[in-house]
Every structure is written in C-alpha cells, then in structure tokens.
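Asker: Okay, predicted coordinates and the sequence, questions at the end:
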Amino acid sequence: MRHLALFFTLSLSFLCACRVTAQQIPYFSQWYYNKVYYNVAFAPLDTRSEIIATYRNMWSSIDGAPQTAAIIGRMPLFSSRGAGSTAISYDRIGNFSHLDINIGYAYSLPLGKVYLSAGIKGGISRIGVDNKWISSSPNDPYIPLDRTSSTTPVVGAGIALWSSRYYIGLSSIHSIEFSHSITDVLSLEQKNHIFLMGGYSWEIGRDVKLCPSGLLGSDMSSFSYAANLSTVIKNHLIAGLSYGNEHSFGINMGYIWKDLQLNYCYQSRIYGIASSTGGTHEILLIYRPSHRKRKNDTLPTTHTVHNVRFL
C-alpha cells in the first residue's frame, strides 16, 4: 500500500504540472499490447527487446477515413533497469497527414515486489496538408492553395508501476504545446493529453489467464475510454472483447509462435453513421527476441512474468 500511495502522489503532482486541453492523438484498438506508444515509462517493463508494427484502417468503406500505421521498438539501454524506445507513426485523414518520430528513455526502480519507472521522450511532429479541396469559397484564407507542411518539436513524459500480475501508468502526450503554422491565418496547436492505463493478469485455471485492461484519456474538457477483456490459453492462443466510446464494440484474436505474435482486431458501432461504414480493422505484429538473462539483470527470478501482455 505504501508503494501505491507513493505512485498516486507522484501521479497527482505530475497532473498538476501539466496544462491540459482538448485534442485526441491517433488511437490504436490494441493499445494493451502497444503500451509504449502511450507511455514511455513502460519501456523497461521486460528485459527483452521488442519490435511492434501495426496498421489501423478506420471506417474502411469511406474514402478519406483515418488510416494509421506505426513502428515501435524498445530495448534495454545503459542499464538493466533502463530501456530506450523509439516510435514512428503516420496518420492520414482526408487532406491531412501527420507524421511523428520520437525517441525516449525510461528508468525503473525496484520497490519490493513491484517496480516504479519514469521516462521522457522527444522528437518531431510534421503535419502535411494537400491542396485537393472542393470549396464554394476558393479565396477562403483558411484553405491552403498549395501543398504545405509544418514541423514542430514533441515532448512527452510518463510514470508507471507494475509487478508480474498488474501494471498501471500515467502519461502526458505533447507536454509542451507547439503550434503548426499552415497558412498566414491558420495554425493547428498540439494539445496536451493525459492517459491513464492499467491491466491485470488473473490465472483462472491451468494454462488459462484472464486479462482485463483499460485506457482512459482526458484533457479536462473531453474524455475517452476503452476496455478490453482477453483470454490467453497456454501462452499461445488469444481471444477477447472490447468496448469503447460511443458504444463501440470489438473482437480481437491472436496467436504466439516462438518469438512472433500476430493479432487482429475488428471494431464497429451498433448504431449511428459509424455502424454502416465497414467497421475498423487493425492488425498488429510483435517480434520479441529470445530472452537472454544478463549478469546485472535485476528482475527477481521468483516473480517471473507469465503473461504475454507484460512482455
């Protein structure tokens, strides 16, 4: 309990230090396997390296609907308690494209049977705008006449607490708010966003684990949420259900073969315009090189990670 009290005290201090306003960042359906994308502090979660490639096609039957792709990597760096991470993500919706490239580092401290880590990341954010606009006001100063782009710095940070059974983390995306100048009168500001993520691994039988997880996002004026419940059988077969904003339901399935993991997720709403748009498809591929225990590895052998969700 002392560790939990310390964690939430730090979390409150972290929130108070950040100015938060509204704007969503690109979202992934399988965020529970892609924790570093939302929180750099999860980079040291396991002593193995990891490479993730993912692609999300939202509202697949609508032209110009959001499409997002990312490559994320993490590996132990400088110390057995520290890890570096890198992420390249590309998001496109209509005439707008968004490229993020960042690198980060996180360091963890053992607190009895749990670990507390903190991390920071930085990089660049590029927004591009096409000139393929159909408008009744061709002289509108807010509409770019030519293809244009703007690049700004990106800064983010996070803290996390985990054990072999659970994890919880708090992070800030775009901690410093920079503006993209698109035209003389049009600018797009990067808005800071806070994410709270958590999950638990529960053994309900021999070689069967139940893994609930949740993701909350807020800027103090808007709010987003998502929840997932997956079953892992013999550390190979994965199946689950998810629920999110505006009555969005999803199913996910996956398979682990040696160092590779392949997952697929389908999401759809049960009513409204999004219910007739072809749904959302997301595929995720994870590569984890075989674990090699190092001389200075600080993870206790009595608390082996049993669930792939914590690798």
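Answerer: All right, it came through fine.
Asker: Okay, now the sheet partners of the helix or strand harbouring L215, with direction.
Answerer: Following DSSP states H and E, one finds L215 within strand 208-218. Neighbouring strands of strand 208-218 in its sheet, by DSSP bridges, are strand 193-200 (antiparallel), strand 202-205 (antiparallel), strand 223-233 (antiparallel).
Asker: what does that strand contact?
Answerer: Outside strand 208-218, the residues within contact range by CB atoms under 8 Å, 6 or more residues apart in numbering are 20, 24, 31-32, 38, 193-204, 223-234, 240, 306-307, 309. C-beta: built from backbone N, CA, C; applies to glycine.
Asker: just stretch 227-239 next, same as before
Answerer: Contact with stretch 227-239 is made by 32, 207-215, 240-244, 251-257, 263, 306-309, as judged by CB under 8 Å, 6+ apart.
Asker: Tell me the gap between that stretch and the middle of its chain.
Answerer: Mean-position distance between stretch 227-239 and its chain equals 19 Å (CA atoms, centre = their mean, to the nearest Å).
Asker: Please identify the buried residues of it?
Answerer: Of the residues in stretch 227-239, N228, S230, V232, I238 count as buried by neighbour count, 16 or more other CB atoms under 10 Å.
Asker: Make TSV out of those and add pLDDT.
Answerer: As requested, the buried residues of stretch 227-239 are exported to TSV (pLDDT from 0 to 100):
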residue	pLDDT
N228	96
S230	96
V232	95
I238	96
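Asker: Pull the most distant pair out of these.
Answerer: The span of these, defined through CB to CB, is set by N228 and V232 at 12.2 Å.
Asker: Would you mind putting the strands paired with strand 208-218 into a markdown table with distance to T151 alongside?
Answerer: Output for the strands paired with strand 208-218, formatted as a markdown table (distance: least, CB to CB, whole Å):
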| stretch | distance to T151 |
| --- | --- |
| strand 193-200 | 20 |
| strand 202-205 | 45 |
| strand 223-233 | 27 |
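Asker: and after the helix or strand of the chain with the lowest mean pLDDT, which helix or strand comes next?
Answerer: Sorting the helices and strands of the chain by mean pLDDT, DSSP states H and E puts helix 2-16 at the bottom, at a mean of 40. Next helix or strand after helix 2-16 toward the C-terminus (DSSP H and E): helix 35-38.
Asker: low-scoring stretches of the protein, by residue?
Answerer: Within the chain, the ranges that satisfy pLDDT under 70 run 1-24, 60-61, 63-64, 133-145, 183-186, 246, 270-278, 291-311.
Asker: Could you tell me which residues within the host helix or strand of T86 count as buried?
Answerer: Using DSSP H and E, T86 sits within strand 79-93. The neighbour-count check on strand 79-93 (16+ other CB under 10 Å) flags S80, R81, G82, A83, G84, S85, T86, A87, S89, Y90, D91, R92 as buried.
Asker: could those residues go into CSV alongside distance to K121?
Answerer: Shown next, in CSV, are these (distance: CB to CB, whole Å):
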residue, distance to K121
S80, 21
R81, 18
G82, 14
A83, 12
G84, 10
S85, 7
T86, 9
A87, 8
S89, 12
Y90, 17
D91, 17
R92, 23
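Asker: quick one: which of the residues you listed is nearest T280?
Answerer: D91 (13.7 Å).
Asker: For beta bridges, what are the partners of that closest one?
Answerer: T68, H98.
Asker: Give the full set of residues in contact with it.
Answerer: P26, P66, Q67, T68, S97, H98, L99.
Asker: and which of those residues is nearest S179?
Answerer: Lowest distance from S179 to the contacts of D91 (CB to CB) belongs to H98, with 14.3 Å.
Asker: I figured the closest one hits Y90, correct?
Answerer: Yes. Look at H98 against Y90 with CB atoms under 8 Å: they come within range, at 7.2 Å.
Asker: so where do the strands sit in the stretch 101-250 of the chain?
Answerer: 114-129, 148-162, 166-173, 179-181, 187-189, 193-200, 202-205, 208-218, 223-233, 237-244, 248-257 (DSSP state E, counting those that start in this stretch).
Asker: Tell me the strands beside the fourth one, with direction?
Answerer: Read that as strand 179-181. When DSSP bridges is applied, strand 179-181 pairs with strand 187-189 (antiparallel).
Asker: Which positions in the partner strand come out as buried?
Answerer: Neighbour counts using 16+ other CB under 10 Å place L188 of strand 187-189 among the buried residues.
Asker: Please enumerate residues in contact with it?
Answerer: Here strand 187-189 makes contact (CB under 8 Å, 6+ apart) with Q23, I127, S150, E177, F178, S179, H180, S181, I182.
Asker: rerun that using 10 Å as the cut-off
Answerer: With CB atoms under 10 Å, 6 or more residues apart in numbering as the test, strand 187-189 has contacts from 21, 23, 96, 98, 127, 129, 150, 152, 174, 177-182.
Asker: so which of the residues you listed would you say is closest to D219?
Answerer: The shortest approach to D219 among those belongs to T21, at 5.3 Å (CB to CB).
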